[in-house]
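[1] quick one: sequence and predicted model below, then my questions.
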Amino acid sequence: MSTIVVSPFKEAIDAVVEAGGKALKQCYQCGLCTGTCPWNLVKSFPTRKLIHQSQLGAADFESEDTWTCATCRACVARCPRGVAIIDIMKALRGVIVGMGAGYVPDGLRVTLKNIAGTGNPLGESAEKRTDWAKDLEIAPFTSDTEVLYFSCCIPAYDPNIKRVARATAAILKKAGVSFGMLGPRESCCGESVRKAGNESLFQTLAQSNISAFVERGVKKIVVSSPHCYHTFKNEYPELGSSFEVTHLTQYLAGLIREERLKPKKELNLKVTYHDPCYLGRHNSVYDEPREILTKIPGLDLVEMAECRENSLCCGGGGSRIWQETKKGERLSDLRLDQAVATGASVLSTACPYCMLNFEDSILTSNKGDMIKLKEISELVLEAL
Amino acid sequence: MARIGVFICHCGTNIAGTVDIGRVVEAAGQMPMVVHAADNKYNCSEPGQALIRDAIAEHRLSRVVIAACSPRMHENTFRKTVAAAGLNPYLLEMANLREHCSWVHSDGKEAATTKAIELIRMAVSKVARHEKLFPKQVSLTKRALVIGGGISGIQAALDIANSGYKVVLVEREPTIGGRMAQLDKTFPTLDCSSCILTPKMVDVAQHANITLLTSAEVKEVKGFVGNFEVSIVQKARKVDHAKCTGCGICWQKCPEKAPSEFDMGLGKRSAIYIPFPQAVPPKPVIDTANCRYHKHLRFVEEKREGKPPPQCRVCEKLCPVGAIDWEQKDEVLTEKFGAIIVATGYKAFEPAVYAELGYGKHPDVITGLEMERMMSASGPAGGDVTRPSNGEHPRDVVFLTCIGSRDEQRGRTYCSKVCCMYIAKHAIILKEHYPDVQCYVFYMDVRAVSKDYEEFYKRAQESGAIYIRGKVSGIRQEDGRLVVRGEDTLLGEMVEIPADMVVLAVGMEHSPGSAELAQALKVSYDINELFIEAHPKLRPVETMSDGVFVAGACVGPRDIPESVASGSAAAAKVAALFSQEFLTTDPMVASVDQMKCGGCLLCTKVCPFKAIDTQVLRDGRTVAVVNESLCKGCGLCVATCRFGAANLRGFTQQQLLAEVTSLWQ
Amino acid sequence: MSQTAQIRQAARELLQGKAVECVIGYERGTDGVNARPFFAYEAAEADRLIFDQTCTHDLAKYLLNRKGKSTAIVVKPCDSRAINLLLNESQIQRDKLHIIGVVCPGVVERRWGTPGAKQLNACQVCQQHTPVVYDTLVGQPVSEPAVADPYPDVAGMEAKPADERRTFWEEQFSRCLRCYACRQACPGCYCPECFAERLDPLWVGIRIAPGENEVWNTMRAFHLAGRCIGCYQCEQVCPVNIRLSLLNRKLEKDVLGMFHFQAGMDAESPPPFSTYQKDEKLGIGE
Amino acid sequence: MRQFISKQNLISWLRQQMEARQLVAPTQVDDLILFRRIDRVDDVILQFQNTATSPKEWLFPKTETLFHVERKDGKAELIPAEIDGETVIFGLRPCDARGITMLDLPYLADPADTLYRQHRQKTVLVGLSCLTACPECFCESMGSGPEDTAALDIMFTEVRDGYLVQAITEKGRSLMPQALLSPAETVKPPAPETAPVPSEGITAKMRQAFDGPYWGRVADRCIHCNVCAYVCPTCYCFDVRDYTNKGSVERVRSWESCQSPGFTKIAGGHDPRANKGARMRQRFSHKLLYFPEQFGPLHCVGCGRCVRACPVNIDIREIMQDVQRMGAPK
Amino acid sequence: MAIDFEPRIVGFLCNWCSYAGADMAGTARICYPSNIRVIRVPCSARIDPLLVVKAFQLGADGVLVAGCHPGDCHYTEGNYYSRRRFALLYPFLEYLGIEKGRLRLEWVSASEGRKFSHVVSSFTEGLVSLGPREKVPAEGALP
């Protein structure tokens, strides 16, 4: 049996202990987190063990496990002692990034470099950020513009996901919403950067966005990504920002309620909805997306076996979206099976990361003729 | 003019070693109204006290200042001394020269001496404003109320009754017996629960000193220790228990059936029923929600559409003594008591919040209490343990502990104490009844802390139960069985156990309505709605409300021996209280000067002991008046009263101001 | 119909119908400019009633002399809060009272013989222009303005260095004649015996001197903590113009900040010193 | 004989006075004009209507110690209070000066109030006659007037570039150095007129007005704030209390008012004037009936301060009119 | 001058916790400055703010109010009320020019003898550095 030397890296460990706070000390090793963690459906990921190693100051910085957690929050919601497990994972990664030693997945290294250089994970030019909207005749953002539409980098640049941004813009125009974008002044929100442990890069991104918003007189922000939503709403205020942040599904539900949007066309579709972790478990937005879907005429909403609080993660949170996940270990594949099992013809969701993962799963599992992937905005636009 | 004597104690060298006693005596002698100042080697010694008594007589002293140790130490001693010399014992004040001066200023004799003189000056100024105080004697009603007819309440009632005092035992349900009556066997001895409980229930019913009120609840409590006035609602049973002989024909013939609460819904009972065969009193009540005649009456009353259900009234027709009384209404009884014991017990935790465990979804996931009913020979299945889904005997049974306990997010923070043991009991009994059964226990920590408990745990292991350390994260149904999934934290691996039955070891929660009852009794309760004892160690059955005691699991999770012990302990406290002819009240309580009271009544609202009432004077003014039996002398009312009408004897505004002022005069 | 006419009509009806024995309102004073309190007992006297911006008095104080007698009273919004205060403190009975509430745009500083030009400081930061309790409302309810900084005066005082504040108050208190006009005018001051006039315990001596004046003024204000309803009668009646509102408003500001309480907004909420929150953080003893 | 003093000379005279003795004069305190001890001559205000409070506090202080009792060698010794130093009060309006004659009547009559007598002897009263009348002034109806010199030692009257000076008493003359004066060339400006108030025969009418609901109705709005008495130049009531301090006893008196609720409370707690109407009637009866009966003049000089200061407009002029209009009791 | 200055402190201590805590400091012989004069009250809730104001007027350099820790009140809730009362009095006295460091509210339990001595020591030190109160308006002094 190998022996662990307790507390070999005192300072590094202190940072982890501090991040976990009192809650880390309170963990009584029941293992509910391990059992709850979806990774254990596809491989072994000893969550509880990582916590215990952290308690002892014996974390293994060379382990791949440090980078596995998708921060889906399922364990945190159930933990009987309320341990902030995500914060501990974040801190472990922070120590590695901070020390510049230990194992960092390659995909992540590249992406972080891209973000640091260009402000977006794809490494594209900032000038091209709103190229997707070139032909849509959207008025430039001025201090009189009511709403900033912050699309997220994926819909802005990814050729496949651009359709989300385009559908959203079209809906907002139809509803007569005064909105605009800041183009090259927008950077990646930094949510996943922070979860990847790169706190200083996160601070830079956040400061850059906040000052852009303040300079341009932004008051209200509508976002497509639950990740942008989470960090704008819950983390930017730490830096002194105070913007009104709304997720697109909340905003659209409001427009429909006020009858500024009227989905009239019958779609005659059976649709199932996947709860993004950062919209659902992190921010308790469960009802608005369903409210929108049920208001579309002819749309039959069916639920998957695990939904809402118990929804299965797509595996894209916590910077996982930028890391390679081996075939056979992809949570989105499992989730896709759950969606197919409902008999729905459309899997809908409201998160660019979930979109990327499911696009990939549909492609690699050849289920394209069984189920289509549509973001909520696409369905709404079709119904108008 | 007051004639004050000051007695300065050397306390050996404790004070004299630091304070210049000679100077202090000289300074004290020159203080206003001081006619005698003297020092003493030990004021508290018998010769020292004799000197004080002699000086009181010789110098015709009317007030005494003892400059010595802390009043928390010897105030009572010196009160007795001055009382022995014929003075009112409250005409005494102490200056704390030891704990507050010589012991903490040993580094500066000069400063300590100056301070000692000032402390005496303060005491002199204060004692000049002392008044004679007289403890009051209040008569008491030697009759106790016990709320809750579980094992703890039963024990308390019997012990008080056996001491020769009258007891009224109030129980909300139609029978006494409580949770213990539902249990099959008790750990660690495996005695049959009802075999040891029912004789006690019968004792209660037959005891000349006990009045039993079932289907009754406490509504309102007025008064104070020795003199409580309690309103009790006797709920309508629709059966006249004075006439009823308990022959049983009604409940045998009643055609309407409803799930039995006593059997945790596993069995049925009729609409007119006794909860279980050994119920005390063995007389039925009508459950009007399910009774066919009452359904008919409601239908007619609410003027619903269609044909009304038939008027059944079978019980009425069959009753040989005409005990069915459809007109019976809730009744309020108001009774006087000298003491109250609260023994309202607990209810089992509702496990539905743990969605991943599927209680309520998978029929074969049951609670520990349901298992008790299943196992009980007198239970709905006659002791036959079967799977609710298909009626077959289970082969693999998984037990999950800490359901609702030790969980800040979805349950209660505390350990429920009994679950580890009752799970062990279930495992042992199952194995005895069905040798082919395999039991698995997912546990966190096995807590087996009382006598013979660890041995009992060992016995469960020996019987073949496999203990797995970890918390279950999900139960799914697969091929008609349950698959229990969780981490074995000792292996560090996920394990899955196919099972036929899962038993949730649900913890204990406060019984419903605890907070309302606590408020009526003016007893504190915590965020879990558990009653708070006066002191968790030294006064475990008393509360901060004098004359109100607590027993059993309403204070926190307790097993049967502890519940019985606390019931007896509370009874002993009551008996001790009742052994007095009168209650003596502390005279250092608040008073309100009615001439100065402006009637804002804020004092009545803030008083932690609800000791301030209102009174309408002949001139029409409404003023506050202190109930001295309830007042504990905190003085909150005094600081709350802008009018300067409220005052606290022994710590009057005048006395405290005199102390402050004396420092500058 | 003007506010005056509406008040007269209401008063006339109440007195004619014997609904009340007396209507307390305002009439024109002897300088021909300012209003003064007026007690109308007969319907014929109703026509003497007026209402305008010189009606500065808080008439609620008079209710303390009319306990148990049926009375109608004209109240401005701040005065209506005094009624809630007195109800909360069991001083008056609601069923004996008919409240004629007046929507008030603010009143002016009282200057004898000349029409006051300047609105009272208190009125300039007023956030309650419609009475909080009334039976008859005179005037149209207005939407309440959001006053960004209701306590500029207090903040100014707080910003001064401690010794400057001490000097300021020493000078102010040295003027005090201890005539107790502030107490007499205050609807919240109704102790059967004021602490300042008690012989035993002797909190405040009869010397009209700085030490006694300081205790008097400090405790007068503190007894009104969480109770002052902001009518500023105390400051208005002070013959030597002591800035008493700076004391009351400081406490009002802190009570609002710490306990989220404003006196007299309703008749039921427990006043700040008669309740508590177990976990509140008040910046003391922590 | 009237003489003239230039404004410049007046100021240097005031400076001389300030250096030689305590100078008390009207000065600005916040938005009030009050009689205060002057440390800088520039602070003296020469043009003003009238001060907010009356100057009586400089002869009859708000609070003063009457005597001490000290314990010496086991015996009690009474040490009476002494007034040291002289005072000049400058800027007295004639009504206020007449008010001092009202204080003299009770306090200097045998047996005299020794402390008041000392104050009076050691104080020089310098008047400043009125050039304008306020709407609330009614001094002429009360036996005084803008040029009344009662109680004054010196009277100044403002004219162009300076003041006419009238040294009335020997004390006044001795304080006024001729070097600063010149013969008066300017004529005295006409005295202003004050609104008349029916004071004629009021004493007799007051006697008849004792009963009836009138006082109760006036008292309805009175809040017993005592302001009238505290600003009045003639009110002279006080309260006395003994203090102990480190073995010595001190007797102190402070102003008090007949309007304060406990004023007439006697041992045992009974108060013969417990109701508001009785207290209200007491105030005006004392001013218009009891004082004249005891000492002669009406106990009011018409300064109008109470009229101006009363928060609820209880106006002595209106009371006098009402009383005059009342018929004889039935 | 400040070096010789001995501040005068009035301490109001609740009988059940803080007074007992002070006794504990004595029993354990933990020395602290002798400047404090203790007045025993049953509960911190008994302390009328008037007593504190009066102490300052008479010339106290500091006033200490000490009671049981919140939640531990012998009378269950008295100290919650005193906390409110003094939380309001504290900034008010400061507003009137009595410096912040002169009034102190502390929770001292019966077992916290060391804490009591620490409180008195640091309070005394703080008052020494604040210096004597300037121009204490002595009772009865005339302007």
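    The structure has been received and is ready for your questions.

[2] mind listing the strands for the stretch 201-330 of chain D?
    Listed in chain order, the strands of the stretch 201-330 of chain D (DSSP state E, counting those that start in this stretch) span D:238-245, D:248-255.

[3] among the ones you listed, which comes closest to E:F12?
    Minimum separation from E:F12 across the strands of the stretch 201-330 of chain D (C-beta to C-beta) falls at strand D:238-245, 23.8 Å. In short, each C-beta sits where N, CA and C put it, glycine included.

[4] ok and the residue in the stretch 151-286 of chain C nearest chain E?
    C:R166 (2.6 Å; C-beta to the nearest C-beta).

[5] please identify the buried residues of the longest helix belonging to chain C?
    Criterion DSSP state H: the longest helix present in chain C is helix C:244-259. Neighbour-count burial for helix C:244-259 flags C:244-256, C:258-259 (criterion: 16 or more other C-beta atoms under 10 Å in any protein chain shown).

[6] next: stretch A:203-216.
    Buried residues in stretch A:203-216 (16+ other C-beta under 10 Å): A:204-206, A:208-210, A:212-213.

[7] measure the residue in the stretch 201-350 of chain B that chain D sits nearest to to chain E for me?
    Using C-beta to the nearest C-beta, B:F224 is the residue of the stretch 201-350 of chain B that sits closest to chain D, at 33.0 Å. Distance of B:F224 to chain E, computed by C-beta to the nearest C-beta, to the nearest Å: 15 Å.

[8] and B:T141, by the same measure?
    Taking C-beta to the nearest C-beta, one finds B:T141 at 26 Å from chain E.

[9] cool, D:I83 as well?
    Using C-beta to the nearest C-beta, D:I83 is found at 13 Å from chain E.

[10] correct me if wrong: that residue contacts D:Q118.
    Yes. Checked against C-beta atoms under 8 Å, the pair D:I83 and D:Q118 is within contact range at 4.2 Å.

[11] what number of residues are in the vicinity of the nearest residue to C:D58 once chain neighbours are set aside?
    Excluding the flanking residues, the one nearest C:D58 by C-beta to C-beta, 6 or more residues apart in numbering or on different chains is C:C231, at 3.9 Å. For C:C231, the tally of surrounding residues (other C-beta atoms under 10 Å in any protein chain shown) stands at 31.

[12] could you look up the SS state of C:C231?
    coil (DSSP: H, G, I helix; E, B strand; the rest coil).

[13] please name the residues that touch it.
    With contact set as C-beta atoms under 8 Å, 6 or more residues apart in numbering or on different chains, C:C231 has these partners: C:58, C:76, C:78-79, C:81-82, C:122, C:187.

[14] wait, which of these is closest to B:A565?
    Among those, and counting by C-beta to C-beta, the member closest to B:A565 is C:R81, at 57.0 Å.

[15] which residues does the closest one contact?
    C:128, C:132, C:229-231, C:263-265.

[16] try B:E26
    B:A37.

[17] what pLDDT does it get?
    Note on B:E26: pLDDT of 95.

[18] wait, a helix at it?
    Yes. Checked against three-state DSSP, B:E26 lies within a helix.

[19] could you pull out the strands for chain E?
    Listed in chain order, the strands of chain E (DSSP state E) span E:9-14, E:36-41, E:62-67, E:103-107.

[20] what of chain C?
    Counting by DSSP E, chain C has strands at residues C:22-28, C:35-40, C:71-75, C:97-102, C:136-138.

[21] averaged pLDDT, the shortest one. What do you get?
    Strand C:136-138 shows an average pLDDT of 94 in the prediction.

[22] what do you get for the third one?
    Along strand C:71-75, the predicted local confidence has a mean pLDDT of 97.

[23] ok now that strand, how far from the chain's centre?
    Put simply, strand C:71-75 sits 15 Å off its chain's centre (C-alpha atoms, centre = their mean, to the nearest Å).

[24] now, among the contacts of C:C231, which is nearest to B:Q615?
    C:P187 (25.3 Å).

[25] what does C:P145 show for phi and psi?
    With angles defined as degrees, to the nearest 10, C:P145 sits at phi -70, psi 150.

[26] whoops, B:Y434 was the one
    phi -130, psi 90.

[27] secondary structure element holding the closest residue in space to it that isn't next to it in sequence?
    Distance criterion C-beta to C-beta, 6+ apart; nearest residue to B:Y434, sequence neighbours excluded, is B:H393 at 6.0 Å. Using DSSP states H and E, B:H393 maps to neither a helix nor a strand.

[28] again with D:E200
    D:E200 belongs to no helix or strand, assigned by DSSP H and E.

[29] how about the contacts made by it?
    Here D:E200 is in contact with no residue (C-beta under 8 Å, 6+ apart).

[30] now do the contacts for the most centrally placed residue in chain E.
    The residue lying closest to the centre of chain E (C-alpha atoms, centre = their mean) is E:L64, at 0.4 Å. Neighbour list for E:L64: E:9-13, E:36, E:104, E:106, E:119-120, E:123 [criterion: C-beta under 8 Å, 6+ apart].

[31] please name the bridge partners of it.
    E:G11, E:R104 (DSSP bridges).

[32] is B:K632 in a helix, a strand, or coil?
    Assignment for B:K632 (three-state DSSP): coil.

[33] contacts only, for the closest residue in space to it that isn't next to it in sequence.
    Computed as C-beta to C-beta, 6+ apart, the closest residue to B:K632 that is not its neighbour in sequence is B:F609, at 5.5 Å. Going by C-beta under 8 Å, 6+ apart, B:F609 touches B:522, B:545, B:630-632, E:75.
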